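Chemist: could you work out the structure for the sequence below:
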Amino acid sequence: MSLAESTIPGERALQQKEWLKHNSEPFTQVQSYMKDTVLCRANWIRANSSKDILELLTEYPHLTSPGMIAQDFQVLHGEAAPKLFETWIPEYAEKVLYLAKQDNKLPSLSVEDMTLDAKGELALTLLPTMTWHSIEESRTAFIHQMPVGTNMVEYLLQSKPFLSVLALGEPQQCASQAFVILAVQALPQEHTASGS
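Modeler: Just a heads-up that it's a prediction; the model follows:
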């Protein structure tokens, strides 16, 4: 898929990009400049696909600011943007939990007593176990479940260099907080409980 060329002049886009590298306030200005430069940024990322995430964040540090990736997605793929936040369908969670139980990969928890959200989160953490790794390696490869009160500084220092999710809370309940772990940063995620 090719992207359109930016509608702002190259020199103006460069000025905004440099401003974004050195400023984080006012946040409305950050949002505006990020929106203005979305096509330049997307084209740069595609042209430099061999760059690692740290190089990308050095070039565009506000990608980790709240709402910026969602804003980029909205601008670039407006018609598909609502699908980005669609919820995990309960039937899928039930099927994953059923398969995990059949393969003896379900932790010793009383799944019947869980809320729909907790079942959905458990099912998401079990998806990687459907591979040939050990159950524990698979479960912790992408989503890490830790108790509330986890020392975030210590956790981040020990985190892997690749993208992961940290869910804080008890396994039998819906996570009380969730973070995307990226480049030794914890990016808080909004909790959107669908009810039980």
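
Chemist: who are the contact partners of Leu97?
Modeler: Leu97 makes contact with 106, 111, 119, 122-123, 126 under the criterion CB atoms under 8 Å, 6 or more residues apart in numbering. The way it works is simple: take the backbone N, C-alpha and C, and place the C-beta from them, glycine included.

Chemist: just the element for it, please.
Modeler: For Leu97, the element it lies in under DSSP states H and E is helix 90-102.

Chemist: and Gln16, how many neighbours?
Modeler: The local packing of Gln16 (other CB atoms under 10 Å) involves 19 other residues.

Chemist: that one: what secondary structure?
Modeler: Here Gln16 is recorded as helix under DSSP: H, G, I helix; E, B strand; the rest coil.

Chemist: beta partners of the residue lying closest to Thr150 once chain neighbours are set aside?
Modeler: The spatially closest residue to Thr150, leaving aside those adjacent along the chain, is Leu168, at 6.1 Å (CB to CB, 6 or more residues apart in numbering). Counting by DSSP bridges, Leu168 is bridged to Met146, Gln177.

Chemist: just to revisit the earlier point, just the contacts of Leu97: which are in helices?
Modeler: Among the contacts of Leu97, DSSP state H puts 119, 122-123, 126 in helices.

Chemist: of the residues you listed, which is the nearest to Phe179?
Modeler: The closest of these to Phe179 turns out to be Leu122 (CB to CB; 18.1 Å).

Chemist: separation between that closest one and Glu154?
Modeler: Leu122 sits 25 Å away from Glu154 when distances are taken as CB to CB, to the nearest Å.

Chemist: domain map for this protein?
Modeler: 10-84, 90-189 (automatic domain parsing).

Chemist: you'd agree Ile181 is in a strand?
Modeler: Yes: remark: Ile181 belongs to a strand, assigned using three-state DSSP.

Chemist: right, and it touches Leu168 too?
Modeler: No: with contact defined as CB atoms under 8 Å, Ile181 does not count as touching Leu168 (11.9 Å).

Chemist: may I see the buried residues of the helix holding Leu97?
Modeler: Using 16 or more other CB atoms under 10 Å as the test for burial, helix 90-102 gives 93, 96-97, 99-100.

Chemist: now these in a markdown table, with distance to Ala42?
Modeler: Listed next are the buried residues of helix 90-102 as a markdown table, based on distance: CB to CB, whole Å:
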| residue | distance to Ala42 |
| --- | --- |
| Ala93 | 33 |
| Val96 | 33 |
| Leu97 | 38 |
| Leu99 | 37 |
| Ala100 | 38 |
